[in-house]
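**Student:** Coordinates for the following, if possible.
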Amino acid sequence: MDRTVRVIGAPTDYGANRRGVDMGPSAIRYAGLAAEIEAAGEMVCEDSGDLLAPRVEEEPVENGSGSVNARYLSAVRDVNTRLGDEVAGAIEQGTLPLVLGGDHSVAIGSLQGSARDADIGVLWFDAHGDFNTPETSPSGNVHGMPLAAALGRGYFDGLDWATAQGLDEANVVLIGLRSLDASEREAIRDSEVTAYTMSDIDARGVSAVVDEALDIASSGVDGLHVSLDLDWLDPNEAPGVGTPVRGGVSYREAHAALEAVAKHDERYDILRSFELVEVNPILDERNATAEMAAELAASGLGKRIL
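**Tutor:** Numbering: from 1, shown residues only. As a prediction, the model looks like this:
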């Protein structure tokens, strides 16, 4: 086998504003993830199970004195600290970590672990920017903050458990944006990240956008992290997400995008880590969104039509 994919479940909903995404890892597995991965090519799927994540009812809503506008921050920190170690360990052992969320706050641990002792680039497929900080967030939901956290912005500056040391803004590319808070929009404009909205995809086509994004994200780095929030897709395609936004990519556009990732990896051997997040089975229809997640993971890992 050319590659072993190590599945790591992170069943959390601490960062979300709706319950249910903690069941996402089970739903994605049930949708046939292992079979999809092994159908992608010369690969074996190794499942390390789920990280322990106490029920949200057992956790304090805010950290410490509650002065920081980040709900369940202590629980988020604990899970991501352990997830970062799991991701880094998987890479050290020569496997490709595939993290199953859970809400998008788990990306803090994925990025921190992937960027340990390496420079990485990031492709961020998402309807949202996830570029808020506790100082700017209107909700305090940490699933709207993971990219800012990994880049050490605002409150997260200097926090070892959050900051991805080998990640530079110039190698971060957001793809498919269509829902941003005002302060988040300003922060993205003032940063060095590259952002493509759905309007860019409409105007140029998803393949052209993703090819350009891959060149930017992988320039001068050791590896690439792919973060796929299922709300990137249109709700008609992926209904089981916590924060759906109309006007997302289609089924075929999503597969074309992930197929481009696989082709880039085949050429440069650069894919270092991967995550699928925000699948909410409570809101899903016949596990369609989880099935979509499993299929897209396979496309990103090299599954082809021909």
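**Student:** Where does the prediction get shaky in the protein?
**Tutor:** Within the chain, the segments meeting pLDDT under 70 span 1, 58, 60, 62-66, 306.
**Student:** Recalculate using a threshold of 50.
**Tutor:** Residue ranges of the chain with pLDDT under 50: 64-65.
**Student:** Would you map the helices across it?
**Tutor:** For the chain, the helices defined by DSSP state H occupy 24-30, 33-38, 73-92, 107-114, 146-150, 182-190, 198-204, 206-217, 251-268, 288-300.
**Student:** Present those as JSON lines; the columns should include mean neighbour count.
**Tutor:** Yep, even glycine has a C-beta here, placed from its N, CA and C like the rest. Shown next, in JSON lines, are the helices of the chain (neighbours: other C-beta atoms under 10 Å):
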{"stretch": "helix 24-30", "mean neighbour count": "23"}
{"stretch": "helix 33-38", "mean neighbour count": "20"}
{"stretch": "helix 73-92", "mean neighbour count": "21"}
{"stretch": "helix 107-114", "mean neighbour count": "31"}
{"stretch": "helix 146-150", "mean neighbour count": "30"}
{"stretch": "helix 182-190", "mean neighbour count": "15"}
{"stretch": "helix 198-204", "mean neighbour count": "15"}
{"stretch": "helix 206-217", "mean neighbour count": "20"}
{"stretch": "helix 251-268", "mean neighbour count": "19"}
{"stretch": "helix 288-300", "mean neighbour count": "24"}
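**Student:** Tabulate those (JSON lines), appending distance to Cys45.
**Tutor:** Shown next, in JSON lines, are these (distance: least, C-beta to C-beta, whole Å):
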{"stretch": "helix 24-30", "distance to Cys45": "10"}
{"stretch": "helix 33-38", "distance to Cys45": "4"}
{"stretch": "helix 73-92", "distance to Cys45": "13"}
{"stretch": "helix 107-114", "distance to Cys45": "18"}
{"stretch": "helix 146-150", "distance to Cys45": "25"}
{"stretch": "helix 182-190", "distance to Cys45": "35"}
{"stretch": "helix 198-204", "distance to Cys45": "30"}
{"stretch": "helix 206-217", "distance to Cys45": "24"}
{"stretch": "helix 251-268", "distance to Cys45": "16"}
{"stretch": "helix 288-300", "distance to Cys45": "10"}
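**Student:** Can you tell me which of those is nearest to Gly49?
**Tutor:** helix 24-30 (9.3 Å; C-beta to C-beta).
**Student:** re the thing from before, of all the helices of the chain, which one is nearest Glu135?
**Tutor:** helix 182-190 (8.6 Å).
**Student:** Would you mind writing the CA trace of that closest one as PDB?
**Tutor:** Listed next in PDB are the C-alpha coordinates belonging to helix 182-190 (Å, rounded to 0.1, in the frame of the first residue of the first chain):
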ATOM      1  CA  ALA A 182     -18.600  42.700   9.300                       C
ATOM      2  CA  SER A 183     -15.500  42.600  11.600                       C
ATOM      3  CA  GLU A 184     -14.500  39.200  10.100                       C
ATOM      4  CA  ARG A 185     -14.700  40.700   6.500                       C
ATOM      5  CA  GLU A 186     -12.400  43.600   7.500                       C
ATOM      6  CA  ALA A 187      -9.900  41.200   9.200                       C
ATOM      7  CA  ILE A 188      -9.700  39.000   6.100                       C
ATOM      8  CA  ARG A 189      -9.200  42.000   3.900                       C
ATOM      9  CA  ASP A 190      -6.400  43.300   6.200                       C
END
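**Student:** returning to what we had before: for Arg55, find the nearest of the helices of the chain.
**Tutor:** helix 73-92 (9.9 Å).
**Student:** quick check: angle from the closest one to helix 107-114?
**Tutor:** Counting by axes from the mean of the first three to the mean of the last three C-alpha atoms, to 10 degrees, helix 73-92 lies at 30 degrees to helix 107-114.
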